[in-house]
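J.: Coordinates for the following, if possible.
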Amino acid sequence: MRENKIQTIWAAGGTVMNGWLAIPSSISAEAMAVQGFDGLCIDMQHGAIDYQVMVTMLQAISTTNATPLVRVPWNEPGMIGKVLDAGAYGVICPMVNTRAQAEAFVAACRYAPVGHRSVGPLRASLYGGPDYFAKANETILTMAMIETQQAVNNLEEILSTPGLDSVYIGPSDLSVSMGHAPGFDPRFPKVYETIVKIAEAANGHGVVPGIHVGSVAYGQEMIDTGYRLISYLSDFRMLQWVAGNGLKALRAGTPAANTP
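T.: As a prediction, the model looks like this:
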């Protein structure tokens, strides 16, 4: 089976640099994939991406060494199975708030006897190889999102879920659930303290912590804190940022302000 680069990096004690795709385009996916990200996540929850476009984006990513991930819209086994059959090498599942929800998520990603994923990998066997069925359970990554106070309250139980590889912090929803404004890189003391504690607890359980960040500086802080997967902005956010700053600099006659 084709190597899962994210697994390889984690096994060596390294940190994964992950890209994020919200634009429904195989060209955008390909452009991001050739930048050198270790992994790329196709966002089917908040991105503008449907299933058929997702398949073409997976095909574009497969021309590179980036490991393809998909964030599904919800903890629903039908969609989880379909994105895996299309060739996703890992699933990020939103709003996992209890041990039972974490167990259901993991089971949807695994073939029997450890799970209940239905057999029919289709494109996944083209991407992964002829031994896909035999090795999928040990190669596919399960990443549960921790993004509510309820999930934090149940963190130890969630982290004890057999087969759960990683937890992934959604900073906006976590901040909102604690009574603060949404956004990347939260500095609210209670939220920041919780983010640090999640990393410590996850590493203590042998579960890899990941987080989405909006700046390089905050990303480095998270690495120093113990996070081992950093997702940086998204293709959509980067387009907004570069276009907005470039236009502002051009109109102001200050090209040095946005020199690539």
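
J.: for the stretch 151-260 of the chain, what are the low-confidence residue spans?
T.: By pLDDT under 70, the weakly predicted segments of the stretch 151-260 of the chain are 256-260.

J.: Helices of that one, start to end?
T.: Per DSSP state H, counting those that start in this stretch, the stretch 151-260 of the chain carries helices over the ranges 155-159, 171-177, 189-205, 216-225, 235-252.

J.: for the stretch 1-150 of the chain, same thing?
T.: Under DSSP H, counting those that start in this stretch, the stretch 1-150 of the chain gives helices at 5-11, 26-33, 51-61, 77-85, 99-109, 123-128, 132-139, 149-153.

J.: Could you give the number of residues near the closest residue to Gly170 other than its chain neighbours?
T.: Of all residues not flanking Gly170 in the chain, Glu147 sits nearest, at 3.4 Å (CB to CB, 6 or more residues apart in numbering). All C-beta spots, glycine's among them, are computed from the backbone N, C-alpha and C. Using other CB atoms under 10 Å, Glu147 has 24 other residues around it.

J.: of all the helices of the stretch 1-150 of the chain, which lies closest to Thr161?
T.: helix 99-109 (4.1 Å; CB to CB).

J.: Please name every helix or strand in contact with that closest one.
T.: Under the contact criterion of 3 or more CB pairs under 8 Å, 6 or more residues apart in numbering; DSSP states H and E, helix 99-109 touches helix 77-85, strand 90-93, strand 141-146, helix 155-159.

J.: tell me the angle that helix makes with helix 132-139.
T.: For helix 99-109 against helix 132-139, the angle by axes from the mean of the first three to the mean of the last three CA atoms, to 10 degrees is 150 degrees.

J.: mean confidence for helix 99-109?
T.: Mean pLDDT, helix 99-109: 98.

J.: got a list of contacts for that helix?
T.: Residues outside helix 99-109 that contact it (CB atoms under 8 Å, 6 or more residues apart in numbering) are 75-77, 80-81, 84, 91, 93, 95-96, 114-117, 140, 142, 144, 154, 157-158, 160-164.

J.: switch to 7 Å and redo it
T.: The contact list for helix 99-109 (CB atoms under 7 Å, 6 or more residues apart in numbering) reads 75, 77, 80-81, 84, 91, 93, 96, 115-117, 140, 142, 144, 154, 157-158, 161, 163-164.

J.: For that helix, list every residue counted as buried.
T.: 99, 101-109 (16 or more other CB atoms under 10 Å).

J.: Show me which of those is closest to Gly244.
T.: Phe105 (36.7 Å).

J.: Nearest spatial neighbour of the closest one, chain-adjacent residues omitted?
T.: Going by CB to CB, 6+ apart, Phe105 has Cys93 as its nearest residue, at 4.7 Å.

J.: The one you found contacts Asn75, correct?
T.: Yes: counting by CB atoms under 7 Å, Cys93 sits close enough to Asn75 to count as a contact (5.2 Å).

J.: more neighbours, the two?
T.: Ranked by neighbour count (other CB under 10 Å), Cys93 and Asn75 place Cys93 first, with 27 against 20.

J.: coming back round to it: hey, which of the helices and strands packed on helix 99-109 is tucked in deepest?
T.: strand 90-93 (a mean of 27; mean count of other CB atoms under 10 Å).

J.: Among the helices and strands packed on helix 99-109, single out whichever gets nearest to Leu126.
T.: helix 77-85 (10.8 Å).

J.: Next, format the buried residues of helix 99-109 as a markdown table and append distance to Gln35.
T.: Below are those laid out as a markdown table (distance: CB to CB, whole Å):
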| residue | distance to Gln35 |
| --- | --- |
| Arg99 | 37 |
| Gln101 | 34 |
| Ala102 | 32 |
| Glu103 | 36 |
| Ala104 | 35 |
| Phe105 | 30 |
| Val106 | 31 |
| Ala107 | 35 |
| Ala108 | 31 |
| Cys109 | 27 |
